[in-house]
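# Structure for this input, please:
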Amino acid sequence: PEGVGRMKPEITLRTRLVMLVIAATVPLFGLSLVGAVLTANDAVTQTSTNLEFSASLVAANQQRVADSVRQVLVAVSNVPGVVEGKEPDCQRYFKTLTTELLVYANVGVVGTDGYLRCHSVPNSPPGFAGDRPYFKAAMATGNFVAGGYLLGRISGKPIMTFALPIQGPDGTVRAVVFASMYLSEIARATAASSLPPGGRVIVMDSDGVVLAANPEGSAGVGKLVAGESLRNAVKARDPCVFEDPDASGARRIYAFRPSTPSRDAPFFVAVSADRAEVLAPSRQRLALNFIALTLVAL
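You can find the predicted model right below:
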């Protein structure tokens, strides 16, 4: 009939209840999501702090290894006749030294011409070390230096060589004493380090070549470390925290530290944790909240 308006659709009680439930639960879903994001950020921040602390401890342990080698070389340089490499007393002394200190593959003295004057390995020719990076660095700087990853020409095993120039009264270098340490000693110091759950540690030389890894096999010893960010960190020499995929593509949180603040640090350490494992508790809590709210809504 004319004048009669359209009738409004009737809102049933069931519809009103559904709308009420939606109005009550949607904000709770939002709060759960915001809480999960904040919890995840806190977990990443706390993990980064823990990794920095672990990296500092590992770096300090590795630096103690270098300091112990330096002390040995200082003592060797003060032994009469070592600089001249007088046989047979010189070789007998070095052989006795490596017999007592089993972590060293070889200890000896190199003349300024690059030829070995005397060393601890018996029945081996004098040999030439003038092309070795540690000898060149010691001659160029006049300071204690650490070489990188090497395969020993005499031992045939992975080593890292440290060198100390012996200077005369006029300040000129008269010879270079060296000590080649088995990488197994560096690995032992790395394995003894305290790590967060699921953590990994990599020890590298100044070229970014892996010297040791824990767990064993998590990085290729003797190979350039995987990951451009890690290689850039070694070049920069500065402590930092960053995220980067590992060799398998899993994203990890890294804390990087040189063993000393100086630019010529012998070791560089990276301690990492899987980001997915770090975020797993917050994601699990979010999933449980969503399930609970869904059940309430139903």
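
# so where do the helices sit in the stretch 101-250 of the chain?
133-141, 183-191, 228-236 (DSSP state H, counting those that start in this stretch).

# Now render the ones you listed as CSV, adding mean pLDDT.
Output for these, formatted as CSV (pLDDT from 0 to 100):
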stretch, mean pLDDT
helix 133-141, 92
helix 183-191, 83
helix 228-236, 91
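
# Of the ones you listed, which is nearest residue 294?
With respect to residue 294, and counting by C-beta to C-beta, the nearest of these is helix 228-236 at 40.2 Å. C-beta: built from backbone N, CA, C; applies to glycine.

# what sits up against that closest one?
By C-beta atoms under 8 Å, 6 or more residues apart in numbering, the residues outside helix 228-236 that reach it are 202, 204, 206-208, 224-225, 240, 242, 244, 254, 256, 268, 270.

# Strands of the stretch 101-250 of the chain, residue ranges please.
104-111, 116-119, 145-151, 158-167, 173-182, 200-204, 210-214, 240-245 (DSSP state E, counting those that start in this stretch).

# closest one to residue 74 among the ones you listed?
Among those, the nearest to residue 74 by C-beta to C-beta is strand 158-167 (6.8 Å).

# Neighbouring strands - and their directions - for that closest one?
If you go by DSSP bridges, strand 158-167 pairs up with strand 145-151 (antiparallel), strand 173-182 (antiparallel).

# That strand: how far from the chain's middle?
Its chain's C-alpha centre and that of strand 158-167 lie 22 Å apart, by C-alpha atoms, centre = their mean, to the nearest Å.

# That one to strand 104-111, inter-axis angle?
Strand 158-167 runs at 30 degrees relative to strand 104-111, counting by axes from the mean of the first three to the mean of the last three C-alpha atoms, to 10 degrees.

# Give the rounded mean pLDDT of strand 158-167.
Averaged over strand 158-167, pLDDT sits at 92.

# May I see the buried residues of that strand?
Judged by neighbour count (16 or more other C-beta atoms under 10 Å), strand 158-167 contains these buried residues: 158, 159, 160, 161, 162, 163, 164, 165, 166.

# Going by distance to residue 109, which of the residues you listed wins?
Among those, residue 166 lies closest to residue 109 (C-beta to C-beta), at 7.8 Å.

# The closest one bridge partners, please.
residue 175.

# Hmm, residue 77 and it touching each other?
Yes: assessed by C-beta atoms under 8 Å, residue 166 is found in contact with residue 77 at 4.8 Å.

# any shared contact partners between the two?
With C-beta under 8 Å, 6+ apart, residue 166 and residue 77 have common neighbours 83, 177.

# ok, now which ones touch residue 241?
48, 51, 52, 253, 254, 255, 256.

# I'd like the distance between it and residue 200.
Between residue 241 and residue 200 the computed distance is 15 Å (C-beta to C-beta, to the nearest Å).

# and the helix or strand of the chain with the lowest mean pLDDT with strand 240-245, angle?
Lowest on mean pLDDT, DSSP states H and E among the helices and strands of the chain sits helix 275-297, with a mean of 73. With the same axes, to 10 degrees defining the directions, helix 275-297 sits at 70 degrees from strand 240-245.

# name the helices or strands packed onto helix 275-297?
On a contact count with 3 or more C-beta pairs under 8 Å, 6 or more residues apart in numbering; DSSP states H and E, helix 275-297 meets helix 13-77, strand 251-258.

# Buried deepest among those, which one?
strand 251-258 (a mean of 23; mean count of other C-beta atoms under 10 Å).

# just the CA coordinates of stretch 77-86, formatted as CSV?
Output of stretch 77-86 as CSV, limited to C-alpha atoms (Å, rounded to 0.1, in the frame of the first residue of the first chain):
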residue,chain,number,x,y,z
SER,A,77,115.1,-15.3,21.7
ASN,A,78,117.1,-14.9,24.9
VAL,A,79,118.8,-18.3,24.8
PRO,A,80,122.5,-17.9,23.9
GLY,A,81,123.4,-19.1,20.4
VAL,A,82,119.9,-19.2,19.1
VAL,A,83,120.2,-16.2,16.8
GLU,A,84,123.3,-17.7,15.2
GLY,A,85,121.6,-21.2,14.9
LYS,A,86,124.7,-23.0,16.2
